[in-house]
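>>> this is a predicted model, with the sequence first.
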Amino acid sequence: MNIPKGKKIYFASDNHLGAPTAEASRPREQKFVAWLEEIKHDAAAIFLMGDLFDFWFEYKTVVPKGFTRTLGKLAEITDAGIPIYFFVGNHDLWMDGYFEEELGISVYHKPQEYTFKNKTFLIGHGDGLGPGDTGYKRMKKIFTSRFGKWLFRWLHPDIGVRIAQYLSVKNKLISGDDDAKFLGEDNEWLVQYCKRKLETKHSDYFIFGHRHLPLEIDLNENSKYVNLGDWIQYYTYGVFDGENLELKKF
């Protein structure tokens, strides 16, 4: 991907809009929309790294109510010709065409590789990667199976959304989230995942979300793991100017 002179690539993750309630998350949504408005003037591309919503499920003809400001701003940006890439998280993994068809946003369910200005990137949300977290990995297989999604669609949206929102907040096994504190490199599953990847292929940057912690960890002299933090406590994001990647706070 080319980066025109004066342009940058932006990365953000883990907004969890709608949590703990739509009203409580409204100020965070407004702040995120203000950030999108600010960066659209010099953005070559925007990568949203998952868990934009605390819950998202696409029925055949229905999507969750709300998030009008965010969806409208995303549509405005793509309509202006700025590409947006979305990597589903563990809270919004049931995407099935709405973002592509209505907003012109490319959606990915697995990490992807990119090259920007001769720098190589491996990018993804980060849930279920690396060793451990076996309980969540089993639950994810059930939730993403064709049969599992078919069963959920039989629930009326008012019932299905309420159940999912309750589980998202109350059940850490299903949400896949841990307490947001650094566990040390040997116990951080994403760090271990990146190191294993480096055994077979070089990447200059590994960029993930999911952990809700802004982290920059040197894996070796030429590779770095970056976790983007969140838009709940830290309001941090990544920006690549063609030479260097930085974590910044909005």
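Done, it's in.

>>> tell me the contacts of Ser223?
Contacts for Ser223 (Cβ atoms under 8 Å, 6 or more residues apart in numbering) come out as 194, 198, 202-206. The C-beta positions use only the backbone N, C-alpha and C, and glycine is treated the same way.

>>> low-confidence ranges, this protein, go.
For the chain, residues meeting the criterion pLDDT under 70 lie at 133-140, 167-179.

>>> which one of the contacts of Ser223 has the most neighbours?
Phe206 (26 neighbours; other Cβ atoms under 10 Å).

>>> quick check: longest helix in the protein by residues?
helix 22-39 (DSSP state H).

>>> need the helices for this structure, in chain order.
Going by DSSP H, the chain shows helices at 22-39, 68-79, 98, 134-144, 146-153, 157-170, 172-175, 189-198.

>>> for those, give me JSON lines that also has distance to Asn118.
Output for the helices of the chain, formatted as JSON lines (distance: least, Cβ to Cβ, whole Å):
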{"stretch": "helix 22-39", "distance to Asn118": "23"}
{"stretch": "helix 68-79", "distance to Asn118": "26"}
{"stretch": "helix 98", "distance to Asn118": "35"}
{"stretch": "helix 134-144", "distance to Asn118": "35"}
{"stretch": "helix 146-153", "distance to Asn118": "40"}
{"stretch": "helix 157-170", "distance to Asn118": "40"}
{"stretch": "helix 172-175", "distance to Asn118": "38"}
{"stretch": "helix 189-198", "distance to Asn118": "18"}
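
>>> tell me which of those sits most buried.
helix 189-198 (a mean of 19; mean count of other Cβ atoms under 10 Å).
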